[in-house]
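Student: Any chance you could fold what I've pasted below:
(2 chains)
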Amino acid sequence: GDSVTQMEGPVTLSEEAFLTINCTYTATGYPSLFWYVQYPGEGLQLLLKATKADDKGSNKGFEATYRKETTSFHLEKGSVQVSDSAVYFCALKDQGGKLIFGQGTELSVKP
Amino acid sequence: GAVVSQHPSRVICKSGTSVKIECRSLDFQATTMFWYRQFPKKSLMLMATSNEGSKATYEQGVEKDKFLINHASLTLSTLTVTSAHPEDSSFYICSAKTASGTDTQYFGPGTRLTVL
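Tutor: This next block holds a predicted model:
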């Protein structure tokens, strides 16, 4: 079945560092891809999404590009802030409309 | 934005008892709600999909008699873990979709269940 694999955390960075969280997927067809973020004590929030190959999703300085050839959707941010500390989930929507999540990557940004 | 709440945020119960978790959409009507389970350092696993006024659709391998789901109104769905055992200890998360046609799911903050 469809699946999503993320890099393991936790990831610890200093403020203003460059962030990459890797995400690869296995799916039938060409699913929509998502990044969700979960701040401490809160529910998952949609961060960005891409619906077709070569689409770039972006929000709050975060970006991810749908790469069909490498089946990847890596999350990047040029300069992280302490407030970006959270757990990040990569996900795809399968052909039945269900969300399939990766295991989550915890990001901790130190001042 | 759309807000989804869950109650309680954490619960500890004895083995053999039943526990009810509530999921509410606070500022929108949710025709569809989803229940997920998350194990430590694992991804969210969809347990079931519930539509208001009808029976829930359970994913393969999820015991419908153990995890009772009721979606009695457009703003409330409940998950009851019946005769809980330590292996049911987990983090349970709900999400809701609006009736407006958009496909976005809004997630609750989760409920930590510990069965002693």
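Student: Grab the nearest non-local neighbour of B:Gly53.
Tutor: B:His71 (7.2 Å; Cβ to Cβ, 6 or more residues apart in numbering or on different chains). C-beta here means a position set from N, CA and C on the backbone, and glycine is covered the same way.
Student: moving C-terminal of the helix or strand that neighbour falls within, what's the next helix or strand?
Tutor: Counting by DSSP states H and E, the element that carries B:His71 is strand B:67-73. Sequence-wise, the next helix or strand beyond strand B:67-73 is strand B:76-81, with elements assigned using DSSP H and E.
Student: State the mean pLDDT of that following strand.
Tutor: Strand B:76-81 carries an average pLDDT of 96.
Student: Partner strands of the helix or strand following that strand, with direction?
Tutor: The C-terminal neighbour of strand B:76-81 among helices and strands, as given by DSSP H and E, is strand B:90-98. Sheet pairing of strand B:90-98 (DSSP bridges) gives strand B:30-38 (antiparallel), strand B:105-107 (antiparallel), strand B:111-115 (antiparallel).
Student: What mean pLDDT does the shortest one get?
Tutor: In this case it means strand B:105-107. Mean predicted lDDT for strand B:105-107 stands at 90.
Student: buried stuff in it?
Tutor: For strand B:105-107, the neighbour count (16 or more other Cβ atoms under 10 Å in any protein chain shown) marks B:Gln105, B:Tyr106, B:Phe107 as buried.
Student: Contact residues of chain A facing chain B?
Tutor: Applying Cβ under 8 Å from any Cβ of the partner chain, we find that chain A lies next to chain B at A:4, A:36, A:38, A:41-46, A:89, A:93, A:97-104.
Student: Now list the buried members of those.
Tutor: Burial by neighbour count, judged by 16+ other Cβ under 10 Å, picks out A:4, A:36, A:38, A:43-44, A:46, A:89, A:93, A:99-104 from the residues of chain A next to chain B.
Student: is it fair to say B:Asp65 lies in a helix?
Tutor: No. Checked against DSSP: H, G, I helix; E, B strand; the rest coil, B:Asp65 lies outside a helix; its state is coil.
Student: burial measure for it, as a count.
Tutor: B:Asp65 has 7 neighbours, counted by other Cβ atoms under 10 Å in any protein chain shown.
Student: how about it, what does it touch?
Tutor: B:Thr82 (Cβ atoms under 8 Å, 6 or more residues apart in numbering or on different chains).
Student: could you redo the last one with a cut-off of 10 Å?
Tutor: By Cβ atoms under 10 Å, 6 or more residues apart in numbering or on different chains, B:Asp65 lies in contact with B:Thr82, B:Ser83.
Student: For chain A, which segments count as strands?
Tutor: Assigned by DSSP state E, chain A shows strands spanning A:3-6, A:11-14, A:19-21, A:23-26, A:32-38, A:45-50, A:56-59, A:62-65, A:75-77, A:86-93, A:99-101, A:105-110.
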